[in-house]
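Participant: build me a structure from this.
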Amino acid sequence: MSEQIRSALTIAGSDSSSGAGIAVDLKTFAAFHVHGLAAITAVTAQTTSRVLAVHHLPAAQVKLQIQAAFAEFRVGAIKIGMLGTVPIARVVAQSLRIAPSTPVVLDPVLASSSAAALLSASGLRVLRKELLPLASLLTPNLPEAEILLGYRIKDPARAVRDLRALGAGAVLLKGGHGRGREVRDLLADADGVVEFRHTRLPIRARGTGCALASAIAAGLARGHDLRLAVANAEIFLQNALARSYRCGAGNTRLLELNH
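Facilitator: Next up is the predicted model:
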C-alpha cells in the first residue's frame with residue numbers, strides 16, 4: 001500500500017482568470033505532490049490586469065468549508081490569502097485555534113496588483129490582533145508591510161524584525177516591489193535573519209505571492225522545517241517566473257507552476 005499523500009488547505013478567494021488565488025494555490029500544492037483542500041472566501045471577476053467585481057461568501061459557509069477539510073483530511077499546513085471581510089477574518093481565526101499545531105502561512109492580501117482594496121481597515125485590525133499571533137509565517141510584500149507597520153520602509157532589515165514583533169512566529173518580507181537589479185527577500189525567525197537574492201526579471205507576472213506562500217505551505221505539509229521550506233519555495237517561484245507565459249490580451253504574464 002502506498003503512503004498516504006500529504007494535504008494542505010488554502011483559505012483564499014477565487015480568480016476567474018486563474019492567475020492568482022485559489023487556482024494558483026491548488027496548482028502549486030499539486031506541483032509539490034501535496035493534495036490541495038480549499039475554503040473559498042470570495043468569488044471574484046478578474047482579468048489579468050484588474051479586478052472587476054468581488055462577491056464575499058457568508059462567514060458561516062467559510063467556516064463549514066474549513067470544518068469539512070479537518071473532518072476528513074489530515075491537514076499538514078494552512079495557507080491564508082484573501083479574507084475580505086471582518087466576519088470571515090474572525091471565523092478563520094476561530095477555526096485556526098482548533099488546530100494549534102498546524103503550521104499557518106499568512107499571506108496578507110490587502111490589495112490586488114491593480115490596487116483594488118481587498119480588506120477593509122476594520123478587517124486589517126482583526127488580522128493584526130487575531131490572526132498574526134496564530135501565524136507560523138507572515139509573507140508580506142513591501143506595500144503590505146508598510147500598511148501593517150504604519151511607516152515607510154527604508155531599512156528592510158529593521159522592518160522585518162518590526163513585523164515579527166507584531167506576533168507571527170516568523171516573517172518573510174518580499175522585495176519584489178523594490179528597486180534595483182536584485183530582488184531581496186528577508187526571512188526573520190527565532191534564529192535570526194536570512195536573505196534570499198534573485199536577479200530581477202524584466203517581466204510583470206500575477207500570482208507570485210500566492211505561489212510563494214503556497215509553496216512554503218506545501219513544504220511544511222511535507223514535514224520540512226521552515227527555512228528549508230522557504231528556500232525550496234524561493235527556487236520554485238524563480239523557475240515559475242522564468243517559464244511564465246502570456247495567455248490573454250494583456251501584457252501580464254501567468255506563472256508556469258509545474259515543478
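Participant: where does F196 fall, phi/psi-wise?
Facilitator: When read as degrees, to the nearest 10, the backbone of F196 gives phi -120, psi 120.
Participant: and what about the residue lying closest to it once chain neighbours are set aside, helix, strand or coil?
Facilitator: Nearest-residue entry for F196: D185, 4.4 Å, with adjacent residues in sequence omitted and distances by C-beta to C-beta, 6 or more residues apart in numbering. Backbone N, C-alpha and C define where each C-beta goes, glycine included. Here D185 is recorded as strand under DSSP: H, G, I helix; E, B strand; the rest coil.
Participant: so D185 sits against G178, correct?
Facilitator: No - using C-beta atoms under 8 Å, D185 is not in contact with G178; the gap is 9.9 Å.
Participant: comparing these two, which residue is more hemmed in?
Facilitator: Comparing D185 with G178 by other C-beta atoms under 10 Å, the one with more neighbours is D185, at 24 against 16.
Participant: residues touching the more buried one, list them.
Facilitator: Applying C-beta atoms under 8 Å, 6 or more residues apart in numbering, we find D185 in contact with 172-175, 195-198, 234.
Participant: which of those are buried?
Facilitator: 172-175, 196, 198, 234 (16 or more other C-beta atoms under 10 Å).
Participant: restricted to strands, list these.
Facilitator: Mapping those onto strands (DSSP state E) picks out 172-173, 196, 198.
Participant: how about T44, secondary structure?
Facilitator: Per three-state DSSP, T44 ends up strand.
Participant: sorry, slip of the keys, the one I care about is L237.
Facilitator: Secondary structure state of L237, per three-state DSSP, is helix.
Participant: same deal with V193?
Facilitator: strand.
Participant: any idea what it is bridged to?
Facilitator: Beta-bridge partners for V193, by DSSP bridges, are A188.
Participant: who's in contact with it?
Facilitator: Contacts of V193 (C-beta under 8 Å, 6+ apart): 157, 160-161, 186-187.
Participant: can you do 10 Å?
Facilitator: 156-157, 160-161, 164, 171, 173, 186-187 (C-beta atoms under 10 Å, 6 or more residues apart in numbering).
Participant: centre of the chain to the helix or strand of the chain with the lowest mean pLDDT, how far?
Facilitator: Least confident element among the helices and strands of the chain, by mean pLDDT, DSSP states H and E: helix 121-126 (a mean of 84). Centroid separation between helix 121-126 and its chain, computed with C-alpha atoms, centre = their mean, to the nearest Å, is 18 Å.
Participant: do the same with stretch 182-191
Facilitator: Distance, centroid of stretch 182-191 to centroid of chain: 16 Å (C-alpha atoms, centre = their mean).
Participant: same check, this time on stretch 62-73
Facilitator: 19 Å.
Participant: tell me which helix or strand I78 sits in.
Facilitator: If you go by DSSP states H and E, I78 is part of strand 75-80.
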